[in-house]
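Asker: generate a structure from the sequence data that follows.
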Amino acid sequence: MFDVGGQRSERKKWIHCFESVTSIIFCTALSEYDQVLLEERSQNRMQESLVLFESVINSRWFLRTSIILFLNKIDVFKNKLPKVPLERYFSEYAGGPDINKAAKYILWKFMQANRARLSVYPQ
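Answerer: So this is what the prediction gives:
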């Protein structure tokens, strides 16, 4: 198991090292929709996760790899959503503070990144 979070500048160097893996568990905290990266304060963490997910799922190295998308920290997300609207960070979202609609919207954003149409197993 490898955690590649925070290694943004090194991605192109390491991604090919995983070409023989059979599964990838990609974890993203739902609660980070309003947070920024420590190394780049102008970059939203959820947007960065989407960019990383897109680069992984559409990589030629992972064409035969099962991808498990794990959206965690739903408890923090549930408490935060009524106070910090998702619409503030994703203007096209129109579901209000409904936890199910918001989580489904974020899942949809990740699924839209899957141009390779690989099988993804959301958890």
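Asker: going forward, measure contacts between C-alpha atoms and count neighbours the same way
Answerer: Will do.
Asker: quick one, helices of this protein?
Answerer: Taking DSSP state H as the criterion, the chain contains helices spanning 11-14, 45-57, 74-80, 99-112.
Asker: how about Arg45: what's its closest non-neighbour residue?
Answerer: Nearest residue to Arg45, sequence neighbours excluded (C-alpha to C-alpha, 6 or more residues apart in numbering): Val36, at 5.0 Å.
Asker: report the contact partners of that neighbour.
Answerer: Ser42, Gln43, Asn44, Arg45 (C-alpha atoms under 8 Å, 6 or more residues apart in numbering).
Asker: burial count for the nearest residue to His16 once chain neighbours are set aside?
Answerer: Counting by C-alpha to C-alpha, 6+ apart, Trp61 is the residue found nearest to His16 once chain neighbours are left out, at 6.1 Å. Neighbour count of Trp61, defined by other C-alpha atoms under 10 Å: 16.
Asker: what do you get for Phe62?
Answerer: Phe62 has 22 nearby residues by other C-alpha under 10 Å.
Asker: tell me the spacing between it and Pro85.
Answerer: 35 Å (C-alpha to C-alpha, to the nearest Å).
Asker: one more: Tyr33?
Answerer: Distance of Tyr33 to Pro85, computed by C-alpha to C-alpha: 10 Å.
Asker: neighbour-wise, which of these two wins?
Answerer: Applying other C-alpha under 10 Å to Tyr33 and Pro85 shows that Tyr33 carries more neighbours, namely 24 against 18.
Asker: what about the nearest residue to the more buried one once chain neighbours are set aside, how many neighbours?
Answerer: Closest residue to Tyr33 apart from its sequence neighbours, by C-alpha to C-alpha, 6+ apart: Met46 at 5.0 Å. By the measure other C-alpha under 10 Å, the count of residues near Met46 is 22.
Asker: my guess is Met46 meets Leu37, correct?
Answerer: No. With contact defined as C-alpha atoms under 8 Å, Met46 and Leu37 do not form a contacting pair (9.4 Å).
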